[in-house]
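J.: the following comprises the amino acid sequence and a computationally predicted model.
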Amino acid sequence: CPGWRMHPATVAQASATMAAMFPNRHWLGLGSGEALNEHVVGGYWPEVGERIARMFEAIEIIRKLFTGKEVKHAGRWYQLESTRLWTLPAALPPIYVATAGPITAKKTGELCDGIITVGAADEKISTVFEKFAEGARGAGKDPEKMPKILQLHLSWAESDEVALANALREWPNGGMKFPKQDIRNPADFQQMARLVRPEDFSGRMLISSDLEAHRTAIQRYLDMGFDKIYLHNVGRNQVEWAKAKSEALAAMESTGGEPDVIGVDAATGELLFCDCSAESPAGRRSLCFDEAALNARKQNKPAGSAVG
């Protein structure tokens, strides 16, 4: 979040430096902020409309600095005096905005390079996508070529009971059915967390020991049109989670199941699967968990596979 703890010029410099050090591996993700993180520097914490306006003015400044030219800025929220970035990458990092609101989604499509959102009901995501596309087309851009990224919270463990306990202990905010951006004190969060009950997670986060249930849920979002999905298993059982994912892919492989085409994006190094099974739409994206699974599938191709 540019604006309170970090001036947009500082964010621009950090992002440009990262992109120069790690070519084609860095993108800049921005949001309008939460009081829990930003209130520490003091001052008035504004309403959501002002926070969003500040964010887009910050993006304007970052874009100006990414030109490498000397920049002056006298805006409503920020000022710059004869500033420039001396280290620029060969390829500028794309700017993505995290939002779940239609108004911000439209402006994101207009002014940014992609959108980040979180798991939600189909209707809500459809509205966000529609507004994002509307803003992109209004700026002469093709929304189909702009990344749509999902952060998906989930809880997996070897039993449903442990998966639920992990969610209640480590990620109770997933069951809080109200905005949390204005909460300032961790102690307040702790008190609110004690009010969360198992049923509060219903429809908000999948909690299950069944990997197939998680695969189905993830595939649903891929079918909606998301290009990238970042999985957040909320428990501390990360080693077990990674092992279970690999074993699930190995089981798919031994039965000749999907996905069938595997590759690596040369620009980003990201792993790609493409489902070519007869019962699926042509070229539907599917799941890729880790490099070990990728290499295993290349070495042990299922019958009829188009693995490269």
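T.: Received, thanks. The shown structure was predicted, so the numbers you read here are calculated from the model rather than taken from an experiment.
J.: tell me where the stretch 151-300 of the chain is predicted with low confidence.
T.: For the stretch 151-300 of the chain, residues meeting the criterion pLDDT under 70 lie at 248-300.
J.: now with 90?
T.: 177-181, 203, 211-212, 215-220, 222-223, 227, 229, 231, 242-300 (pLDDT under 90).
J.: would you map the strands across it?
T.: In the stretch 151-300 of the chain, the strands defined using DSSP state E, counting those that start in this stretch lie at 206-207, 228-233, 261-264, 271-275, 284-285.
J.: check which helices and strands the first one sits against.
T.: Of the remaining helices and strands, those touching strand 206-207 by 3 or more Cβ pairs under 8 Å, 6 or more residues apart in numbering; DSSP states H and E are strand 148-155, helix 160-170, helix 211-224. Any C-beta I mention is one placed from the backbone N, CA and C, and that applies to glycine too.
J.: which other residues reach that strand?
T.: With contact meaning Cβ atoms under 8 Å, 6 or more residues apart in numbering, strand 206-207 is reached by 154-155, 160, 163-164, 167, 201, 213-214, 217.
J.: top of those residues by neighbour count?
T.: Highest neighbour count within the contacts of strand 206-207: Ser155, with 28 neighbours (other Cβ atoms under 10 Å).
J.: before we move on, back to that, adding distance to Ala20, write the helices and strands packed on strand 206-207 out as a markdown table.
T.: Shown next, in a markdown table, are those (distance: least, Cβ to Cβ, whole Å):
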| stretch | distance to Ala20 |
| --- | --- |
| strand 148-155 | 23 |
| helix 160-170 | 36 |
| helix 211-224 | 32 |
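J.: show me which of the contacts of strand 206-207 is closest to Ala193.
T.: Of all the contacts of strand 206-207, Ala167 has the smallest distance to Ala193: 11.0 Å, by Cβ to Cβ.
J.: give the closest residue to the closest one in space, chain neighbours not counted.
T.: Nearest residue to Ala167 in three dimensions, chain neighbours excluded: Ser155, at 4.2 Å (Cβ to Cβ, 6 or more residues apart in numbering).
J.: need the contact list for the one you found.
T.: 163-164, 166-167, 171, 205-208, 233-235 are the contacts of Ser155 under Cβ under 8 Å, 6+ apart.
J.: great, nothing more from me.
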